[in-house]
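Undergrad: structure for the following, please:
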Amino acid sequence: MARSSLSTGRMISYAFDMSQRAVAGGSGTGDITKRTKREELVRHMLEYVLRDPKARSAFGEVILRSEDGLSAFRTSSRTGSEQFDLEASVDADPAARIAIDITVDGPVDDAQVGDALAALPTPESRLVLLMPKHRKSNLEVTDERLIRTTWATFTKRLVKKDPKRAEFWRLIGELSEDAPSTSVFRAGSPRRLLDQDLVAEFRSHLDTLRLAADELYGRPVRFSTSRRGPGAWLQVGASGTGLGLEFDAVEEGSPVWLVGTRPHRTFALNIGSLTDDETRDRAVRRLRAISSGERWRNDAAYVPNLPEFIGEPASVGFEEVRALLWDVFDPDLLAAAGFPLVARRQPDLEADMLGVRVRREGDPRAGTFLVSVGGSKNWKTLLPRVTREFDGRTYVIQAAKGDTPEDLVSAVHAALLSLATKP
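TA: Residues are numbered from 1 along each chain as shown. Here you go, the predicted model:
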């Protein structure tokens, strides 16, 4: 590849296009190795740069500690293993392979690395494992064919060795080291989860949701595992053409909404926190008026009669803690950390607990885990709890002064990994 043809714009465009093909199943690779979206993107960015002979030479000298020439790296090979993200042959020994495995935000463990090492064709072959620095200590594999390098070290060495392509090495390294799966860019402090008034308000609005679900559907509320859109979805009845109920972002003072997907329609229930018997009775009358209609759930033209607001509207502080907890329960972030939601086995919303059930991807022996808030009749905080279900061992995630929302979500993921890997 000529120097003039290299550009960061082309690199990103190429990587984006190729990663989209991989997601759609058109990459030509099998299902042996599952990559996250970030890892698929970084894989093709690195492939793009390593097409340049001088970039390959710099990579070989500082990462492999070798001056042997390398062929262009490929994402797939007719004779190679699909265990690898990139693979090249050595000019001086065509049977030997230099394989690269990329870790950004997906799971990596000793067994996975061991399988990749076993797939190397010759003793002279090498496996380069590139990973964020906070993940390096998780591995205990020792093998002379294994070269472990953090993205920070990768960037530092190649920028120094190959300054003409420094912008490419820096972009790849910073994306891989500094863009974890928990990209939670949200204002506010997790310390809000300790505010007693907000705890009481949050519980009260959940009680309203439970009341509405019971009156309208006679079924419990739980987090859905089948939502096509992003984010956590606490709902009941919102499937197919039917009108359902969901708990989501506050607008017009209400976090409880009637929603339909085919066709799309949404109505604020106009019922807030119910602080006394009189407002509760008014809310029940409204809900029973809705449920008494013959076709209210399946009539696409139905518009509920929701005149005045009943109860206390949700505060700004309430929405802050709801949004933060929805990041904790976000199925995409949990799956990217290696803990997808368990299909069709999500816990019901109870008076004393709200949570999701997850499993460790690729390790059925680890069992299932609960990520929850509450857990007692008298909630004192909204701090997340991570529980290993087979023995009940629980970590309560603390909110230290100065912590960000991303720190809190990362701590939840770290607790899950700890419970999944330790006795």
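Undergrad: contacts and neighbour counts: CA atoms only from here.
TA: Will do.
Undergrad: and residue 164, what does it touch?
TA: By C-alpha atoms under 8 Å, 6 or more residues apart in numbering, residue 164 lies in contact with nothing.
Undergrad: give me phi/psi at it?
TA: Per-residue torsions, residue 164: phi -70, psi -20 (degrees, to the nearest 10).
Undergrad: ok, now how distant is it from residue 42?
TA: To residue 42, residue 164 is 20 Å away according to C-alpha to C-alpha, to the nearest Å.
Undergrad: one more: residue 336?
TA: 15 Å.
Undergrad: what's the answer for residue 275, then?
TA: According to C-alpha to C-alpha, residue 275 and residue 42 sit 52 Å apart.
Undergrad: the two: who's more crowded?
TA: The neighbour count for residue 275 versus residue 42, taken as other C-alpha atoms under 10 Å, is higher for residue 42 (25 against 12).
Undergrad: low-confidence stretches in the chain?
TA: When residues are selected by pLDDT under 70, those of the chain lie in 1-4, 23-34, 76-81, 107, 134-138, 179-187, 227-229, 240.
Undergrad: please enumerate the helices of it.
TA: 8-23, 37-49, 53-59, 110-118, 151-161, 166-178, 196-216, 277-291, 316-328, 331-336, 405-421 (DSSP state H).
Undergrad: ok, residue 63 - contacts?
TA: 147, 149, 154.
Undergrad: report the buried members of the residues you listed.
TA: 149, 154 (16 or more other C-alpha atoms under 10 Å).
Undergrad: same list, the contacts of residue 63, but as a markdown table with distance to residue 377 please.
TA: Output for these, formatted as a markdown table (distance: C-alpha to C-alpha, whole Å):
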| residue | distance to residue 377 |
| --- | --- |
| 147 | 52 |
| 149 | 48 |
| 154 | 51 |
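Undergrad: okay, now the domains of the protein?
TA: Using automatic domain parsing, the domain ranges for the chain come out as 3-178, 201-291, 316-421.
Undergrad: end to end on the last one, go ahead and measure it.
TA: Think domain 316-421. End-to-end distance (C-alpha to C-alpha), domain 316-421: 39 Å.
Undergrad: please apply the same query to stretch 396-407.
TA: 14 Å.
Undergrad: circling back to that earlier point, need the domains of the chain in JSON lines (columns: distance to residue 194).
TA: Shown next, in JSON lines, are these (distance: least, C-alpha to C-alpha, whole Å):
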{"stretch": "domain 3-178", "distance to residue 194": "28"}
{"stretch": "domain 201-291", "distance to residue 194": "12"}
{"stretch": "domain 316-421", "distance to residue 194": "5"}
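Undergrad: convert stretch 56-63 to CSV, retaining C-alpha atoms only.
TA: What follows is stretch 56-63, C-alpha atoms only, in CSV (Å, rounded to 0.1, in the frame of the first residue of the first chain):
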residue,chain,number,x,y,z
ARG,A,56,4.3,-4.5,9.3
SER,A,57,8.0,-4.1,9.6
ALA,A,58,7.6,-1.7,12.6
PHE,A,59,5.0,-4.1,14.2
GLY,A,60,7.4,-7.0,13.8
GLU,A,61,10.4,-5.2,15.3
VAL,A,62,8.7,-3.7,18.4
ILE,A,63,6.0,-6.3,19.1
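Undergrad: that one: how far from the chain's middle?
TA: 33 Å (C-alpha atoms, centre = their mean, to the nearest Å).
Undergrad: swap in stretch 395-414?
TA: A distance of 15 Å separates the centroid of the chain from that of stretch 395-414, by C-alpha atoms, centre = their mean.
Undergrad: buried ones in that stretch?
TA: Buried, per 16+ other C-alpha under 10 Å, within stretch 395-414: 395-399, 404-413.
Undergrad: farthest-separated two in those residues?
TA: By the measure C-alpha to C-alpha, those have their two most distant members at 395 and 404, which lie 18.9 Å apart.
Undergrad: can you pull out the strands in the stretch 301-423 of the chain?
TA: Secondary structure of the stretch 301-423 of the chain (DSSP state E, counting those that start in this stretch): strands at 353-359, 368-374, 385-388, 394-396.
Undergrad: point out the most buried one among the ones you listed.
TA: Between the strands of the stretch 301-423 of the chain, strand 353-359 has the highest mean count of neighbours, a mean of 24, where neighbours are mean count of other C-alpha atoms under 10 Å.
Undergrad: could you check the angle that strand makes with helix 405-421?
TA: 60 degrees (axes from the mean of the first three to the mean of the last three C-alpha atoms, to 10 degrees).
Undergrad: just give me the longest strand of the chain.
TA: strand 93-102 (DSSP state E).
Undergrad: gap between the spatially most central residue of the chain and residue 36?
TA: Nearest to the mean C-alpha position of the chain, counting by C-alpha atoms, centre = their mean, stands residue 333 at 1.5 Å. Residue 333 sits 11 Å away from residue 36, going by C-alpha to C-alpha.
Undergrad: residue 411 now?
TA: Look at residue 411 and residue 36: by C-alpha to C-alpha, they are 20 Å apart.
Undergrad: repeat for residue 222
TA: Separation of residue 222 from residue 36 (C-alpha to C-alpha): 26 Å.
Undergrad: next: residue 397.
TA: 26 Å.
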